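# Fold the following for me, if possible:
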Amino acid sequence: MHPSGKELDAALGLWRGPLLEGIRTDGWPETAALHEEHLLLKEDQLGCRLAAGAAVPESVVDELRAMTAREPGRETLVGLLIDTLARQGRYAEAECVYRTTAATLAERWGLDPAPELQARLEGLRAFRAGETLHPVDVALLSVFRPIDDDGAAAARLCRRVTDQGGVVVWRIARVLMAVFTGAQRQDRAVDAARRIMHDRLAAGLPETRITVTSGPVDGFRPDNAATAGATGPVLWGRMLVDGLEIFVAARPGTITVNHATWQATRHRMAYRSAGEDRLELVLDDCDTTSASGAAPRAASHPPTSAARPAD
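Numbers count the residues shown, from 1 in each chain. All right, here's what the predicted structure looks like:
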């Protein structure tokens, strides 16, 4: 199961200083692997904090600055620093981080920032220009990927979202978020979730966790979103925090929904209770065993065990 924010804090609290400080480790694959795992955990930790709307201490901002200075090519870290500064209203500093990274990438490797990072700059400029985000009802699809996807797998995952009319708005570390708006948004989000889970289980990734939560958000700007990466702060609202709580509690290999999603889709999907204000979709044989590319069939029988969770 993907660790919670508290578990990540506890695990990273055990890390003390540079790895094997004072010992020459040039060329040791073990140290490179541990260093990479440490960076992934740091990315996951801050991603959890940002998704929960939690305050980020200045000491963490300083640490992020130091890490991005050491790893300028690690654009996920750079994106996290930009998002952290933007959440604190420090838009000028966030834009400075982007420009410094862009200059370093061009100077060292002759590269431009990835589209995900470029979209963040556009988001920063839009917010500084005072654009207004309007409240809207959405269905939010969240996917935890137990391993980093290669290019083909990542493109397939995004395509499952866009095929159902969704928009990928955030991809940080191993978590992807997509938004569905308009008519039948919950049905389309759950259909996308089933197809994604089908793909992941067929690929031998049973640790995948998916949630679909629906409700009102304070604002969403779809024209700032991209189909293949994070775009910055285009989605705001308490529902994001509620969705994170369900996401953290979800079990591996399941699709978990909140009560609003269940209520909108129970006419065509079967569910079982999974705790307060959350239910798990009952996956049929095609979802769990087929390795073909065919779309999984919808469960036609109504939920029999799902009841409205206690308030």
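# Show me where the stretch 1-150 of the chain dips below the pLDDT cut-off.
Within the stretch 1-150 of the chain, the ranges that satisfy pLDDT under 70 run 1-6, 8-9, 11-32, 51-54, 126-134, 148-150.
# Residue 242 and residue 75: what is the separation?
Separation of residue 242 from residue 75 (Cβ to Cβ, to the nearest Å): 29 Å. Every residue, glycine included, has its C-beta placed from N, CA and C.
# ok, the two, which is more surrounded?
Higher neighbour count among residue 242 and residue 75: residue 75, with 21 against 16, using other Cβ atoms under 10 Å.
# hey, C-alpha coordinates of the helix or strand where residue 179 lies in PDB?
Using DSSP states H and E, residue 179 falls within strand 175-180. Once non-C-alpha atoms are left out, strand 175-180 reads as follows in PDB (Å, rounded to 0.1, in the frame of the first residue of the first chain):
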ATOM      1  CA  VAL A 175       0.100  10.200  -8.400                       C
ATOM      2  CA  LEU A 176      -2.000  11.300 -11.400                       C
ATOM      3  CA  MET A 177      -5.200  13.400 -11.100                       C
ATOM      4  CA  ALA A 178      -7.800  14.100 -13.800                       C
ATOM      5  CA  VAL A 179     -11.000  16.100 -13.800                       C
ATOM      6  CA  PHE A 180     -14.300  15.400 -15.500                       C
END
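# Show me what it is packed against.
Applying 3 or more Cβ pairs under 8 Å, 6 or more residues apart in numbering; DSSP states H and E, one finds that strand 175-180 contacts helix 29-51, strand 136-144, strand 167-172, helix 185-202.
# Residue 247 is nearest to which of those?
Proximity to residue 247, assessed across these by Cβ to Cβ, is greatest for strand 136-144 (5.0 Å).
# Only the C-alpha atoms, please, for the closest one, written as PDB.
Output of strand 136-144 as PDB, limited to C-alpha atoms (Å, rounded to 0.1, in the frame of the first residue of the first chain):
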ATOM      1  CA  VAL A 136     -18.100  24.100 -10.700                       C
ATOM      2  CA  ASP A 137     -19.100  20.500 -10.000                       C
ATOM      3  CA  VAL A 138     -16.500  17.900 -10.900                       C
ATOM      4  CA  ALA A 139     -15.500  14.300 -10.700                       C
ATOM      5  CA  LEU A 140     -11.900  13.900  -9.600                       C
ATOM      6  CA  LEU A 141     -10.100  10.700 -10.700                       C
ATOM      7  CA  SER A 142      -6.900   9.900  -8.800                       C
ATOM      8  CA  VAL A 143      -4.500   7.100  -9.600                       C
ATOM      9  CA  PHE A 144      -1.500   5.900  -7.600                       C
END
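# In its sheet, which strands sit next to it, and in what direction?
strand 175-180 (antiparallel), strand 209-217 (antiparallel) (DSSP bridges).
# Mind telling me which of those the model trusts least?
Of all the strands paired with strand 136-144, the minimum mean pLDDT falls on strand 175-180 (a mean of 86).
# want to throw the strands paired with strand 136-144 into JSON lines with distance to residue 202 and mean neighbour count?
Converted to JSON lines, the strands paired with strand 136-144 look like this (distance: least, Cβ to Cβ, whole Å; neighbours: other Cβ atoms under 10 Å):
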{"stretch": "strand 175-180", "distance to residue 202": "18", "mean neighbour count": "24"}
{"stretch": "strand 209-217", "distance to residue 202": "14", "mean neighbour count": "24"}
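# can I get these in a markdown table with distance to residue 282?
Output for these, formatted as a markdown table (distance: least, Cβ to Cβ, whole Å):
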| stretch | distance to residue 282 |
| --- | --- |
| strand 175-180 | 21 |
| strand 209-217 | 14 |
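# Nearest to residue 63 among those strands would be which one?
Between the strands paired with strand 136-144, strand 175-180 lies closest to residue 63; by Cβ to Cβ that is 20.5 Å.
# what angle do the closest one and helix 29-51 make?
30 degrees (axes from the mean of the first three to the mean of the last three Cα atoms, to 10 degrees).
# thinking again about what came up before, of the strands paired with strand 136-144, which is nearest residue 46?
Using Cβ to Cβ, the strands paired with strand 136-144 put strand 175-180 closest to residue 46, at 11.4 Å.
# which non-adjacent residue is nearest residue 49?
Once flanking residues are discounted, residue 49 sits nearest to residue 56: 5.8 Å by Cβ to Cβ, 6 or more residues apart in numbering.
# Would you verify that that neighbour is located in a strand?
No: according to DSSP: H, G, I helix; E, B strand; the rest coil, residue 56 belongs to no strand; its state is coil.
# which residues in the stretch 151-300 of the chain form helices?
Taking DSSP state H, counting those that start in this stretch to define them, one finds helices in the stretch 151-300 of the chain at 151-163, 185-202, 238-249, 259-265, 285-289.
# Tabulate those helices (CSV), appending distance to residue 143 and mean pLDDT.
Below are the helices of the stretch 151-300 of the chain laid out as CSV (distance: least, Cβ to Cβ, whole Å; pLDDT from 0 to 100):
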stretch, distance to residue 143, mean pLDDT
helix 151-163, 7, 84
helix 185-202, 6, 94
helix 238-249, 9, 80
helix 259-265, 15, 94
helix 285-289, 15, 47
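# Kind regards, and thank you for your time.
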